[in-house]
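S.K.: How does the following fold in three dimensions:
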Amino acid sequence: MKILITGGLGTIGSCLSASLFKKGHKIVIYDNQEIGSIENLEFYLTHKEIKKIKIIKGDILNFNKLKLLIKNSDYVYNLAATLGTLRVVKYPSKMLNVNSLASHKIIDYCVKLKKPLVLFSTSMVYGKNPKVSVNEEDDLFVGGNTKTGLWWYAISKLSEEAYANAKIKENPNSKIVIIRPFNVIAPVQNPTVGFVFPRFFTSSMKNNPILVYGNGKQRRTFTWAEDCVLCLVKLINKKNYWCKTINIGGTNSISILALAKKIKNITKSKSNIKFVNPKKFYGNHFVEIPKRIPNVNQLKKIIGYVPKTSLDTMIKKFYSFYTSKY
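M.R.: A predicted model of the protein is given here:
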């Protein structure tokens, strides 16, 4: 198949592009290369292999180009997004346009041209839902107010999901699936936009203070990119997942403070762990989510697999990568 992957140089996109390429598919990547880079592909592929992938640098808001790329593809993955807490807060209107307006156009084109579409949302749509673990049918408690920049990201993705579901209702034969990923990580993650793993490792390796927001008790699960991609690849071979919303994520959680300590220990860092008020970086309307843990029973039912890489293994792999880097 000829597969179009928007945002194909990012954390998930680069891993997905490499995996599908190795399975013999013809890959076209459309990416503005602001966060993602060709270097990310080098983590998975040789230079010779990368040359066989068509990489187009472009703006997802160039709708004429986008429509042409979709028309010439057999299958579409939309991972293009403005993300990373720092970028979301710094460029809110751009984020809303990319995450909502561009996604709406991609959905329109895929439905009209009858192209299967895998649409990436976010676990942030669950917001303040108090459940121990959240499933796809649970209520979405987006918090804050219209001045809370971080929530705009969740709202943009809710808009994307709502539009996709509206199109599915109007076009029942459409092939669209919505993916809600939970903190997918890989060593290639960009350290400059607020992602916690590269941020902690970069600080630890440089013996700089490790900044923990709030009291560090907030809990998160993390998902190894290759596990996430394996789930996506397994879904391709199934017929009963279209028109669904699916969580993909690890289910073992850890507090952010405990994560900081683990990273400090493995790097033998002299860094101090420093507690800071996140509002200093993200504004007075910032709201921290106490926990975000997925229920992945639906994923397991459909493909018979869920992400399995342990947190300690992820940390060791990050350490190996950063050791070679520093």
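
S.K.: Residue ranges in this protein under the pLDDT threshold?
M.R.: Along the chain, segments meeting pLDDT under 70 span 143-150, 285.

S.K.: Tell me the helices and strands packed up against whichever helix in it runs longest.
M.R.: In the chain, with assignment by DSSP state H, the single longest helix is helix 149-170. The contact analysis (3 or more C-beta pairs under 8 Å, 6 or more residues apart in numbering; DSSP states H and E) places helix 149-170 against helix 85-90, helix 92-96, helix 103-113, strand 117-120, strand 176-181. To be clear about C-beta, it is placed using only N, CA and C from the backbone, and glycine gets the same treatment.

S.K.: Out of those, which is the most enclosed?
M.R.: With neighbours defined as mean count of other C-beta atoms under 10 Å, those peak in mean count at strand 117-120, which reaches a mean of 24.

S.K.: Send over the longest helix of the chain as CSV, restricted to the C-alpha atoms.
M.R.: Written as CSV, here are the backbone C-alpha positions of helix 149-170 (Å, rounded to 0.1, in the frame of the first residue of the first chain):
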residue,chain,number,x,y,z
GLY,A,149,-4.2,27.5,27.5
LEU,A,150,-3.4,23.9,28.3
TRP,A,151,-7.0,22.9,28.0
TRP,A,152,-7.2,24.4,24.6
TYR,A,153,-5.2,21.4,23.4
ALA,A,154,-7.7,18.9,24.7
ILE,A,155,-10.6,21.0,23.3
SER,A,156,-8.9,21.0,19.9
LYS,A,157,-8.7,17.2,20.0
LEU,A,158,-12.3,16.9,21.2
SER,A,159,-13.3,19.0,18.2
GLU,A,160,-11.4,16.6,15.9
GLU,A,161,-13.1,13.6,17.5
ALA,A,162,-16.5,15.2,17.3
TYR,A,163,-16.1,16.0,13.6
ALA,A,164,-14.9,12.5,12.8
ASN,A,165,-17.8,11.0,14.6
ALA,A,166,-20.2,13.4,12.9
LYS,A,167,-18.8,12.3,9.5
ILE,A,168,-19.1,8.6,10.5
LYS,A,169,-22.8,9.2,11.4
GLU,A,170,-23.4,10.8,8.1
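
S.K.: Identify the residue spatially nearest to residue 15, adjacent ones excluded.
M.R.: Distance criterion C-beta to C-beta, 6 or more residues apart in numbering; nearest residue to residue 15, sequence neighbours excluded, is residue 225 at 4.3 Å.

S.K.: tell me the contacts of the one you found?
M.R.: Under the criterion of C-beta atoms under 8 Å, 6 or more residues apart in numbering, the neighbours of residue 225 are 11-12, 15, 184-186.

S.K.: Reformat the helices and strands packed on helix 149-170 as TSV; add distance to residue 299.
M.R.: Compiled in TSV, the helices and strands packed on helix 149-170 are given as follows (distance: least, C-beta to C-beta, whole Å):
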stretch	distance to residue 299
helix 85-90	26
helix 92-96	27
helix 103-113	22
strand 117-120	14
strand 176-181	10
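
S.K.: For residue 41, find the nearest of the ones you listed.
M.R.: Nearest of those to residue 41, taken as C-beta to C-beta: strand 117-120 at 18.4 Å.

S.K.: Quick check: neighbours of that closest one in the sheet, parallel or antiparallel?
M.R.: Under the criterion DSSP bridges, strand 117-120 sits next to strand 75-78 (parallel), strand 176-181 (parallel) in its sheet.

S.K.: Throw those into TSV and include distance to residue 139, thanks.
M.R.: As requested, the strands paired with strand 117-120 are arranged in TSV below (distance: least, C-beta to C-beta, whole Å):
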stretch	distance to residue 139
strand 75-78	25
strand 176-181	14
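
S.K.: of all those strands, which lies closest to residue 126?
M.R.: Short answer: strand 176-181, nearest of the strands paired with strand 117-120 by C-beta to C-beta, at 8.0 Å.

S.K.: Report the backbone C-alpha coordinates of stretch 230-244 in CSV.
M.R.: Extracted in CSV, the C-alpha atoms of stretch 230-244 (Å, rounded to 0.1, in the frame of the first residue of the first chain):
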residue,chain,number,x,y,z
LEU,A,230,2.8,-2.7,17.0
CYS,A,231,-0.8,-2.1,18.2
LEU,A,232,-1.4,0.1,15.1
VAL,A,233,0.1,-2.4,12.7
LYS,A,234,-2.0,-5.2,14.2
LEU,A,235,-5.1,-3.1,13.8
ILE,A,236,-4.5,-2.9,10.0
ASN,A,237,-5.2,-6.6,9.7
LYS,A,238,-8.5,-6.4,11.6
LYS,A,239,-11.9,-5.6,10.2
ASN,A,240,-13.8,-4.8,13.4
TYR,A,241,-12.1,-1.6,14.5
TRP,A,242,-13.4,1.0,12.1
CYS,A,243,-15.6,3.7,13.5
LYS,A,244,-14.3,3.1,17.0
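
S.K.: Brilliant, that's me finished.
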